[in-house]
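Sharing a model prediction with you, sequence too.
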Amino acid sequence: MSTDDTTETAEASTETDAAAKADTESNCGGSTDAESNCGGSTDSESNCGGSTDEEEVGASADDFDAEPGTLVTVGLGPGKPEGMTARAKGALANADHIVGYRTYVDLLPDEITADAEDIYSTPMCGEVSRTEEAIDRTLAGNDVAIIGSGDPNVYALSGLALEILESKGGSAEAVDFEVVPGVPAAQSCGARLGAPLVNDTVSVSLSDHLTPMEDIESRLEAVAPEGFTIAIYNPWSRKRRENFQTCCEILLAHRDPGTPVGIVHGASRDDEATMITDLGTLPDLGEEEIIDMTTTIIVGNEDTYVWEDRMVTPRGYETKYDY
Ligand SMILES: C[S@@+](CC[C@H](N)C(=O)[O-])C[C@H]1O[C@@H](n2cnc3c(N)ncnc32)[C@H](O)[C@@H]1O
(Lines give C-alpha, C1' and ligand atoms only; values in the text may rest on other atoms or scores of the structure.)
Protein backbone atom coordinates (compact mmCIF):
# COMPACT_ATOMS: atom_id res chain seq x y z
CA MET A 1 0.00 0.00 0.00
CA SER A 2 2.43 2.67 0.98
CA THR A 3 5.99 2.98 -0.17
CA ASP A 4 7.32 5.27 2.43
CA ASP A 5 10.33 3.61 3.69
CA THR A 6 13.88 2.72 3.40
CA THR A 7 15.13 -0.65 4.21
CA GLU A 8 17.61 -0.55 6.95
CA THR A 9 15.84 1.94 9.11
CA ALA A 10 13.41 -0.77 9.84
CA GLU A 11 15.80 -3.44 10.79
CA ALA A 12 18.30 -1.31 12.60
CA SER A 13 16.62 -1.10 15.93
CA THR A 14 18.91 -3.63 17.48
CA GLU A 15 21.92 -1.53 16.65
CA THR A 16 22.89 1.64 18.36
CA ASP A 17 22.26 4.99 16.76
CA ALA A 18 25.64 5.05 15.14
CA ALA A 19 25.64 6.68 11.75
CA ALA A 20 26.83 5.04 8.61
CA LYS A 21 29.35 7.58 7.52
CA ALA A 22 31.07 7.13 4.27
CA ASP A 23 33.45 9.95 4.44
CA THR A 24 36.74 9.25 2.79
CA GLU A 25 37.94 9.17 -0.74
CA SER A 26 37.61 6.61 -3.40
CA ASN A 27 37.87 6.51 -7.13
CA CYS A 28 34.54 4.77 -7.47
CA GLY A 29 36.52 1.78 -8.40
CA GLY A 30 36.42 -0.39 -5.38
CA SER A 31 37.84 0.18 -2.02
CA THR A 32 37.21 -0.73 1.53
CA ASP A 33 34.16 -1.43 3.54
CA ALA A 34 32.21 1.75 4.14
CA GLU A 35 35.08 4.05 3.41
CA SER A 36 34.27 5.45 0.08
CA ASN A 37 32.25 8.29 -1.20
CA CYS A 38 32.10 8.48 -4.92
CA GLY A 39 29.16 10.70 -4.60
CA GLY A 40 29.58 13.52 -2.31
CA SER A 41 26.30 13.47 -0.67
CA THR A 42 26.76 14.49 2.88
CA ASP A 43 25.02 11.80 4.72
CA SER A 44 24.38 13.23 8.08
CA GLU A 45 24.89 11.55 11.37
CA SER A 46 21.24 11.01 11.73
CA ASN A 47 19.85 8.22 13.80
CA CYS A 48 17.38 7.39 11.06
CA GLY A 49 14.85 8.76 13.44
CA GLY A 50 14.35 11.66 11.21
CA SER A 51 15.71 14.93 12.40
CA THR A 52 18.54 16.38 10.36
CA ASP A 53 19.30 13.91 7.67
CA GLU A 54 18.98 16.05 4.60
CA GLU A 55 21.29 14.88 1.92
CA GLU A 56 22.38 16.42 -1.29
CA VAL A 57 23.32 14.54 -4.37
CA GLY A 58 26.91 15.22 -5.37
CA ALA A 59 28.43 14.37 -8.73
CA SER A 60 26.24 14.52 -11.81
CA ALA A 61 26.22 11.99 -14.64
CA ASP A 62 28.24 14.41 -16.77
CA ASP A 63 31.13 14.24 -14.31
CA PHE A 64 31.89 10.68 -15.41
CA ASP A 65 33.75 9.92 -18.62
CA ALA A 66 33.39 6.15 -18.53
CA GLU A 67 30.82 4.03 -20.29
CA PRO A 68 28.33 3.31 -17.47
CA GLY A 69 28.11 -0.16 -16.02
CA THR A 70 24.88 -1.89 -15.09
CA LEU A 71 22.84 -1.18 -11.98
CA VAL A 72 20.59 -3.79 -10.39
CA THR A 73 18.60 -3.66 -7.19
CA VAL A 74 18.43 -7.17 -5.84
CA GLY A 75 16.00 -8.58 -3.31
CA LEU A 76 17.57 -11.23 -1.11
CA GLY A 77 14.31 -12.61 0.25
CA PRO A 78 13.80 -12.98 3.98
CA GLY A 79 17.17 -14.20 5.17
CA LYS A 80 19.12 -17.33 4.44
CA PRO A 81 20.53 -18.03 0.98
CA GLU A 82 18.05 -20.82 0.27
CA GLY A 83 15.32 -18.17 0.22
CA MET A 84 17.04 -16.23 -2.57
CA THR A 85 15.89 -16.69 -6.12
CA ALA A 86 18.27 -18.15 -8.67
CA ARG A 87 17.93 -14.90 -10.60
CA ALA A 88 19.04 -12.90 -7.58
CA LYS A 89 22.06 -15.13 -7.09
CA GLY A 90 22.89 -14.78 -10.76
CA ALA A 91 22.61 -10.99 -10.65
CA LEU A 92 24.91 -10.85 -7.65
CA ALA A 93 27.40 -13.19 -9.26
CA ASN A 94 27.50 -10.84 -12.27
CA ALA A 95 28.04 -7.70 -10.21
CA ASP A 96 31.50 -6.23 -9.76
CA HIS A 97 30.43 -4.25 -6.72
CA ILE A 98 27.80 -5.08 -4.12
CA VAL A 99 26.41 -2.25 -2.03
CA GLY A 100 24.22 -2.67 1.05
CA TYR A 101 23.43 -2.36 4.67
CA ARG A 102 25.78 -4.58 6.68
CA THR A 103 23.03 -6.87 7.95
CA TYR A 104 22.13 -7.68 4.36
CA VAL A 105 25.74 -8.21 3.33
CA ASP A 106 25.97 -10.69 6.20
CA LEU A 107 23.07 -12.60 4.65
CA LEU A 108 24.90 -13.13 1.35
CA PRO A 109 26.12 -16.60 0.45
CA ASP A 110 29.88 -16.98 0.97
CA GLU A 111 30.53 -17.67 -2.69
CA ILE A 112 28.96 -14.35 -3.65
CA THR A 113 31.02 -12.31 -1.22
CA ALA A 114 34.17 -14.21 -2.13
CA ASP A 115 33.73 -13.50 -5.83
CA ALA A 116 32.74 -9.83 -5.63
CA GLU A 117 35.41 -7.38 -6.62
CA ASP A 118 34.28 -5.00 -3.89
CA ILE A 119 31.63 -4.89 -1.21
CA TYR A 120 30.57 -1.52 0.12
CA SER A 121 28.59 -1.87 3.30
CA THR A 122 27.53 0.51 6.00
CA PRO A 123 26.24 -0.28 9.48
CA MET A 124 22.84 1.37 9.32
CA CYS A 125 21.03 4.41 7.97
CA GLY A 126 22.83 6.34 5.25
CA GLU A 127 20.60 4.87 2.60
CA VAL A 128 20.73 7.96 0.41
CA SER A 129 24.51 8.30 0.40
CA ARG A 130 24.92 4.57 -0.04
CA THR A 131 22.53 4.50 -2.97
CA GLU A 132 24.33 7.44 -4.49
CA GLU A 133 27.60 5.64 -3.98
CA ALA A 134 26.18 2.70 -5.92
CA ILE A 135 25.05 4.96 -8.73
CA ASP A 136 28.36 6.77 -8.96
CA ARG A 137 30.20 3.48 -9.11
CA THR A 138 27.89 2.49 -11.95
CA LEU A 139 28.46 5.76 -13.76
CA ALA A 140 32.19 5.19 -13.32
CA GLY A 141 31.87 1.99 -15.35
CA ASN A 142 31.29 -0.76 -12.78
CA ASP A 143 28.49 -3.31 -12.71
CA VAL A 144 26.82 -2.68 -9.39
CA ALA A 145 24.19 -4.44 -7.29
CA ILE A 146 22.31 -2.74 -4.48
CA ILE A 147 21.00 -5.36 -2.08
CA GLY A 148 18.15 -5.38 0.40
CA SER A 149 15.99 -7.86 2.24
CA GLY A 150 12.78 -9.15 0.74
CA ASP A 151 11.87 -7.40 -2.48
CA PRO A 152 13.55 -4.19 -3.70
CA ASN A 153 10.17 -2.63 -4.48
CA VAL A 154 8.67 -3.17 -1.02
CA TYR A 155 9.65 -0.34 1.35
CA ALA A 156 13.07 -0.51 -0.25
CA LEU A 157 15.60 1.23 -2.43
CA SER A 158 14.61 0.67 -6.07
CA GLY A 159 12.65 3.90 -6.20
CA LEU A 160 15.38 5.88 -4.48
CA ALA A 161 17.93 4.55 -6.97
CA LEU A 162 15.87 5.76 -9.92
CA GLU A 163 15.16 9.09 -8.23
CA ILE A 164 18.85 9.75 -7.60
CA LEU A 165 19.83 8.59 -11.07
CA GLU A 166 17.30 11.01 -12.53
CA SER A 167 18.49 13.85 -10.30
CA LYS A 168 22.02 13.30 -11.51
CA GLY A 169 20.92 13.64 -15.11
CA GLY A 170 21.58 9.95 -15.72
CA SER A 171 19.37 7.55 -17.59
CA ALA A 172 17.99 4.18 -16.56
CA GLU A 173 18.56 2.93 -20.08
CA ALA A 174 22.19 4.03 -20.16
CA VAL A 175 23.00 2.21 -16.94
CA ASP A 176 20.77 -0.72 -17.92
CA PHE A 177 18.87 -0.43 -14.66
CA GLU A 178 17.04 -3.55 -13.54
CA VAL A 179 15.07 -4.68 -10.51
CA VAL A 180 15.59 -8.28 -9.48
CA PRO A 181 12.67 -9.28 -7.27
CA GLY A 182 12.89 -11.19 -4.03
CA VAL A 183 10.33 -12.80 -1.75
CA PRO A 184 8.81 -10.01 0.36
CA ALA A 185 8.52 -10.37 4.13
CA ALA A 186 4.73 -10.52 4.05
CA GLN A 187 4.86 -13.58 1.81
CA SER A 188 7.70 -15.26 3.73
CA CYS A 189 5.94 -14.64 7.01
CA GLY A 190 2.56 -15.63 5.61
CA ALA A 191 4.07 -18.94 4.59
CA ARG A 192 5.29 -19.52 8.14
CA LEU A 193 1.78 -18.95 9.47
CA GLY A 194 -0.16 -21.17 7.09
CA ALA A 195 -2.31 -19.50 4.45
CA PRO A 196 -3.34 -16.08 5.77
CA LEU A 197 -2.82 -14.02 2.59
CA VAL A 198 -4.94 -15.94 0.16
CA ASN A 199 -7.42 -13.11 -0.42
CA ASP A 200 -7.04 -9.32 -0.83
CA THR A 201 -4.16 -8.02 1.25
CA VAL A 202 -2.63 -4.61 1.94
CA SER A 203 0.68 -3.70 3.55
CA VAL A 204 1.11 -0.84 5.97
CA SER A 205 4.43 0.30 7.41
CA LEU A 206 4.37 1.83 10.89
CA SER A 207 7.70 3.56 10.37
CA ASP A 208 7.28 7.31 10.57
CA HIS A 209 10.84 7.95 9.42
CA LEU A 210 9.63 9.15 6.04
CA THR A 211 5.84 9.15 6.38
CA PRO A 212 4.14 11.28 9.04
CA MET A 213 2.30 9.23 11.62
CA GLU A 214 -0.95 11.02 10.85
CA ASP A 215 -0.77 9.69 7.29
CA ILE A 216 -0.10 6.20 8.57
CA GLU A 217 -3.09 6.51 10.87
CA SER A 218 -5.28 7.65 7.96
CA ARG A 219 -4.21 4.67 5.91
CA LEU A 220 -4.95 2.29 8.75
CA GLU A 221 -8.31 3.95 9.29
CA ALA A 222 -9.06 3.45 5.60
CA VAL A 223 -8.15 -0.22 5.40
CA ALA A 224 -9.12 -1.49 8.86
CA PRO A 225 -12.89 -1.51 8.19
CA GLU A 226 -12.47 -3.21 4.81
CA GLY A 227 -12.09 -6.90 4.15
CA PHE A 228 -8.35 -6.93 3.69
CA THR A 229 -5.81 -9.07 5.40
CA ILE A 230 -3.28 -6.51 6.64
CA ALA A 231 0.48 -7.07 6.68
CA ILE A 232 2.11 -4.68 9.11
CA TYR A 233 5.74 -3.89 8.46
CA ASN A 234 8.10 -2.06 10.83
CA PRO A 235 5.74 -2.68 13.73
CA TRP A 236 7.75 -1.63 16.74
CA SER A 237 10.97 -0.02 17.90
CA ARG A 238 11.96 1.70 21.09
CA LYS A 239 11.15 5.02 19.44
CA ARG A 240 7.92 3.77 17.92
CA ARG A 241 6.14 2.14 20.80
CA GLU A 242 3.28 4.60 20.42
CA ASN A 243 2.87 3.85 16.72
CA PHE A 244 2.31 0.21 17.56
CA GLN A 245 -0.26 1.02 20.23
CA THR A 246 -2.04 3.48 17.93
CA CYS A 247 -2.17 0.85 15.22
CA CYS A 248 -3.71 -1.67 17.64
CA GLU A 249 -6.31 0.88 18.76
CA ILE A 250 -7.33 1.63 15.17
CA LEU A 251 -7.58 -2.03 14.26
CA LEU A 252 -9.58 -2.83 17.39
CA ALA A 253 -11.97 0.01 16.66
CA HIS A 254 -12.93 -1.73 13.42
CA ARG A 255 -12.28 -5.43 13.89
CA ASP A 256 -13.38 -8.11 16.30
CA PRO A 257 -10.89 -8.73 19.14
CA GLY A 258 -11.02 -12.40 18.19
CA THR A 259 -9.57 -11.70 14.73
CA PRO A 260 -6.60 -14.03 14.22
CA VAL A 261 -3.20 -12.34 14.15
CA GLY A 262 0.06 -13.96 13.10
CA ILE A 263 3.41 -12.65 14.27
CA VAL A 264 6.67 -13.69 12.61
CA HIS A 265 10.01 -12.44 13.83
CA GLY A 266 13.09 -12.99 11.68
CA ALA A 267 11.59 -15.32 9.09
CA SER A 268 14.31 -17.54 7.67
CA ARG A 269 16.89 -16.18 10.07
CA ASP A 270 18.58 -17.83 13.03
CA ASP A 271 16.30 -16.10 15.54
CA GLU A 272 13.05 -16.89 13.78
CA ALA A 273 9.99 -17.00 16.06
CA THR A 274 6.33 -17.39 15.24
CA MET A 275 3.13 -16.82 17.21
CA ILE A 276 -0.56 -16.96 16.36
CA THR A 277 -2.75 -14.90 18.65
CA ASP A 278 -5.74 -12.60 18.34
CA LEU A 279 -6.25 -8.90 17.89
CA GLY A 280 -7.45 -8.37 21.43
CA THR A 281 -4.15 -9.72 22.78
CA LEU A 282 -1.90 -7.86 20.34
CA PRO A 283 -1.58 -4.58 22.31
CA ASP A 284 -0.09 -6.51 25.26
CA LEU A 285 2.64 -8.00 23.07
CA GLY A 286 4.36 -4.77 22.06
CA GLU A 287 7.04 -5.14 24.69
CA GLU A 288 7.61 -8.83 23.99
CA GLU A 289 10.77 -9.89 22.19
CA ILE A 290 8.90 -11.34 19.27
CA ILE A 291 7.80 -7.89 18.09
CA ASP A 292 10.50 -5.57 16.89
CA MET A 293 11.70 -4.14 13.59
CA THR A 294 12.48 -7.56 12.15
CA THR A 295 8.90 -8.65 12.67
CA THR A 296 5.94 -8.70 10.33
CA ILE A 297 2.45 -8.94 11.77
CA ILE A 298 -0.42 -10.31 9.74
CA VAL A 299 -3.92 -9.36 10.81
CA GLY A 300 -6.60 -11.58 9.39
CA ASN A 301 -9.81 -10.43 7.75
CA GLU A 302 -13.30 -11.26 8.99
CA ASP A 303 -13.14 -14.72 7.41
CA THR A 304 -9.69 -15.70 8.66
CA TYR A 305 -9.65 -18.56 11.14
CA VAL A 306 -7.11 -20.77 12.88
CA TRP A 307 -7.02 -24.49 12.17
CA GLU A 308 -4.36 -26.69 13.75
CA ASP A 309 -2.06 -23.76 14.50
CA ARG A 310 -2.35 -22.44 10.98
CA MET A 311 -4.02 -19.22 9.90
CA VAL A 312 -6.41 -19.75 7.01
CA THR A 313 -8.00 -16.98 4.97
CA PRO A 314 -10.54 -18.55 2.62
CA ARG A 315 -10.37 -17.45 -0.98
CA GLY A 316 -14.09 -17.97 -1.39
CA TYR A 317 -14.15 -21.43 -2.97
CA GLU A 318 -16.47 -22.60 -0.21
CA THR A 319 -19.18 -20.29 -1.53
CA LYS A 320 -19.16 -22.04 -4.92
CA TYR A 321 -18.09 -25.59 -4.29
CA ASP A 322 -18.91 -28.37 -1.86
CA TYR A 323 -15.88 -29.88 -0.14
C1 LIG B 1 11.91 -1.50 5.39
S2 LIG B 1 11.06 -2.98 5.33
C3 LIG B 1 11.85 -3.87 4.04
C4 LIG B 1 10.92 -4.85 3.44
C5 LIG B 1 11.57 -5.73 2.41
N6 LIG B 1 12.00 -4.97 1.26
C7 LIG B 1 10.62 -6.84 1.98
O8 LIG B 1 10.26 -6.90 0.80
O9 LIG B 1 10.29 -7.65 2.83
C10 LIG B 1 11.68 -3.83 6.74
C11 LIG B 1 10.56 -4.59 7.40
O12 LIG B 1 10.33 -5.78 6.68
C13 LIG B 1 9.92 -6.78 7.56
N14 LIG B 1 10.90 -7.89 7.47
C15 LIG B 1 12.03 -7.91 6.74
N16 LIG B 1 12.65 -9.09 6.86
C17 LIG B 1 11.88 -9.83 7.68
C18 LIG B 1 11.99 -11.16 8.18
N19 LIG B 1 13.01 -11.94 7.85
N20 LIG B 1 11.02 -11.61 9.00
C21 LIG B 1 9.97 -10.82 9.34
N22 LIG B 1 9.81 -9.58 8.89
C23 LIG B 1 10.76 -9.08 8.08
C24 LIG B 1 9.87 -6.18 8.96
O25 LIG B 1 8.56 -5.70 9.17
C26 LIG B 1 10.82 -5.03 8.81
O27 LIG B 1 10.55 -4.02 9.75
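Right, received. Where do you want to start?

what stretches of the chain score poorly on pLDDT?
The model of the chain has pLDDT under 70 over residues 1-56.

rerun that using 80 as the cut-off
Along the chain, the parts satisfying pLDDT under 80 run over 1-57, 123-125.

Strands of that one, residue ranges please.
For the chain, the strands defined by DSSP state E cover 71-75, 97-101, 118-122, 144-148, 178-180, 194-195, 201-205, 229-233, 260-265, 273-278, 295-299, 305-307, 310-312.

Same list, those, but as a markdown table with mean neighbour count and distance to the ligand please.
For glycine as for every other residue, the C-beta is placed from the backbone atoms N, C-alpha and C. Converted to a markdown table, the strands of the chain look like this (neighbours: other CB atoms under 10 Å; distance: least, CB to the nearest ligand atom, whole Å):
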| stretch | mean neighbour count | distance to the ligand |
| --- | --- | --- |
| strand 71-75 | 28 | 6 |
| strand 97-101 | 27 | 10 |
| strand 118-122 | 23 | 15 |
| strand 144-148 | 29 | 5 |
| strand 178-180 | 19 | 12 |
| strand 194-195 | 18 | 16 |
| strand 201-205 | 22 | 7 |
| strand 229-233 | 25 | 4 |
| strand 260-265 | 25 | 5 |
| strand 273-278 | 17 | 10 |
| strand 295-299 | 27 | 4 |
| strand 305-307 | 14 | 20 |
| strand 310-312 | 19 | 15 |
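
Pipe the ones you listed into a markdown table and attach distance to Glu242 per row.
Below are those laid out as a markdown table (distance: least, CB to CB, whole Å):
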| stretch | distance to Glu242 |
| --- | --- |
| strand 71-75 | 30 |
| strand 97-101 | 26 |
| strand 118-122 | 28 |
| strand 144-148 | 27 |
| strand 178-180 | 34 |
| strand 194-195 | 31 |
| strand 201-205 | 15 |
| strand 229-233 | 15 |
| strand 260-265 | 19 |
| strand 273-278 | 21 |
| strand 295-299 | 16 |
| strand 305-307 | 29 |
| strand 310-312 | 27 |
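
between those, which one is nearest to Leu165?
Distance to Leu165, taken as CB to CB, is lowest for strand 71-75 among the strands of the chain, at 7.5 Å.

in its sheet, what does that closest one sit against?
Strand pairing for strand 71-75, determined by DSSP bridges: strand 144-148 (parallel), strand 178-180 (parallel).

orientation of that strand relative to strand 97-101 in degrees?
50 degrees (axes from the mean of the first three to the mean of the last three CA atoms, to 10 degrees).

Offset the numbering so it begins at 37, please.
Sounds good: first residue 37 from here, last item strand 107-111.

Nearest to Gly298 among the strands paired with strand 107-111 would be which one?
Going by CB to CB, the one of those nearest Gly298 is strand 180-184, 23.2 Å.

Report the distance from the closest one to the chain centre.
Relative to its parent chain, strand 180-184 has a centroid offset of 13 Å by CA atoms, centre = their mean, to the nearest Å.

Give me the angle between that strand and strand 154-158.
Counting by the same axes, to 10 degrees, strand 180-184 points 40 degrees away from the direction of strand 154-158.

Out of the strands paired with strand 107-111, which gets nearest to Leu256?
Of all these, strand 180-184 sits nearest to Leu256, with 24.5 Å by CB to CB.

I'd like to know which residues of this structure are adjacent to the ligand.
41, 43, 46-47, 114-115, 184-187, 190-192, 220-221, 225, 269-270, 300, 302-305, 329-332 (CB under 6 Å from any ligand atom).

Pull the number of nearby residues for the residue in the chain that the ligand sits nearest to.
Closest contact between the chain and the ligand, by CB to the nearest ligand atom, is at Gly186 (1.9 Å). Residues near Gly186, counting by other CB atoms under 10 Å, number 28.

Cool, thanks, talk later.
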